[in-house]
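J.: Need a 3D model of the sequence below.
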Amino acid sequence: MSWIFLGAFGLLGLLWLGYALRNLDRRIVVRGLRWIIGGGAGLAAAAALLFRRIDIAMILGAVAASVLLRGRLGQFSFDSIGGGPSNVSKVRSRYLAMELDHDTGELGGRVLDGQFAGWDLMDLGEAETRALIAEIGHDAESINLLESWLDTNRAGWRDYFAEQDAGGGDGYAPNGAARDPVAEAYAVLGLEPGASDEDIKVAHRELMKGVHPDRGGSEFLAAKINEARDLLLGR
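T.: Numbering: from 1, shown residues only. Sure thing, here's the model as predicted:
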């Protein structure tokens with residue numbers, strides 16, 4: 001009976017190990033496997049030497065050296081499984097540098113030149129984004145990269161900008177006047193200045209029903225609506 005319990009315990013352990021390895025970074029798993037196989041072969045070679053089996057020791061030593069130093073075991077390459085030292089694609093243009101992580105799908109970017117040089121694209125607000133678009137619009141490669149980043153990280157930005165432009169709300173105050181964030185927040189929620197807290201909450205709930213990211217809506221619009229609510233309620 002004890003063997004049954006030991007077998008069941010061992011099976012559960014193997015299942016847990018398989019689950020844990022499945023959720024680890026593939027490169028980390030392969031790197032560990034490489035050291036286990038190479039180190040095991042090296043230890044076996046040392047043991048063969050102790051027992052004066054020079055022929056076996058030479059074979060196992062060659063295996064250990066190939067795995068540990070070259071990452072290969074015959075025609076098999078550990079790097080081909082691990083995806084190599086890096087699984088990130090990098091693209092540069094005159095104004096922008098982009099990095100795409102193929103494992104996570106995350107697209108990051110930063111500005112290389114111009115008035116926003118050194119900025120991470122994630123730190124750009126609406127006004128800065130519009131200014132950057134206007135500044136690099138003449139460079140086709142840079143504007144294509146920026147639009148790709150916006151499509152990935154600011155879903156719905158095209159529709160939002162179009163709606164703002166159609167309503168005259170492009171994020172800039174006319175004739176160089178100071179921008180009024182409170183008036184802009186009321187406009188985002190579709191309310192008149194002076195609306196009550198309850199009106200703000202109701203408008204926020206109704207708008208979020210259509211744009212909430214969990215329901216396939218726009219993260220960018222949801223963020224703007226949340227910002228408007230927080231600003232007005234925080235007053």
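J.: Could you report the neighbour count for the nearest residue to Ala195 once chain neighbours are set aside?
T.: Once flanking residues are discounted, Ala195 sits nearest to Tyr186: 6.8 Å by Cβ to Cβ, 6 or more residues apart in numbering. For every residue, glycine as well, the C-beta is placed using N, CA and C. Neighbourhood size, Tyr186 [other Cβ atoms under 10 Å]: 20.
J.: Quick check: Tyr186 touching Ala203?
T.: No: in this structure, Tyr186 is not within contact of Ala203 by Cβ atoms under 8 Å, at 9.4 Å.
J.: okay, and the common contacts of the two?
T.: Counting by Cβ atoms under 8 Å, 6 or more residues apart in numbering, the contacts common to Tyr186 and Ala203 are Ala195.
J.: Tell me which residues touch the residue nearest to Ala195, please.
T.: Tyr186 sits next to Glu192, Pro193, Ala195, Ala228, Leu232 when contact means Cβ under 8 Å, 6+ apart.
J.: Could you identify the longest helix within the chain?
T.: The single longest helix within the chain, with elements called by DSSP state H, is helix 26-50.
J.: those strands in this structure, which residues are they?
T.: 72-73, 76-77, 88-92, 96-101, 107-111 (DSSP state E).
J.: right, so of these, which gets closest to Asp120?
T.: strand 107-111 (5.2 Å; Cβ to Cβ).
J.: Let me see the contact set for Leu150.
T.: Thr129, Trp157, Arg158.
J.: where's the residue nearest to Ala195 relative to Arg205, distance?
T.: 16 Å (Cβ to Cβ, to the nearest Å).
J.: again, but for Gly234
T.: Where Arg205 is concerned, Gly234 sits at a distance of 18 Å (Cβ to Cβ).
J.: Neighbour count: these two, which is higher?
T.: The neighbour comparison of Gly234 against Arg205 (other Cβ under 10 Å) goes to Arg205, with 11 against 6.
J.: contacting residues for the closest residue to Glu128 other than its chain neighbours?
T.: Among residues not flanking Glu128 along the chain, Phe116 sits closest, at 6.5 Å (Cβ to Cβ, 6+ apart). When contacts are counted by Cβ under 8 Å, 6+ apart, Phe116 is found next to Leu124, Glu128, Ala131, Leu132, Glu135.
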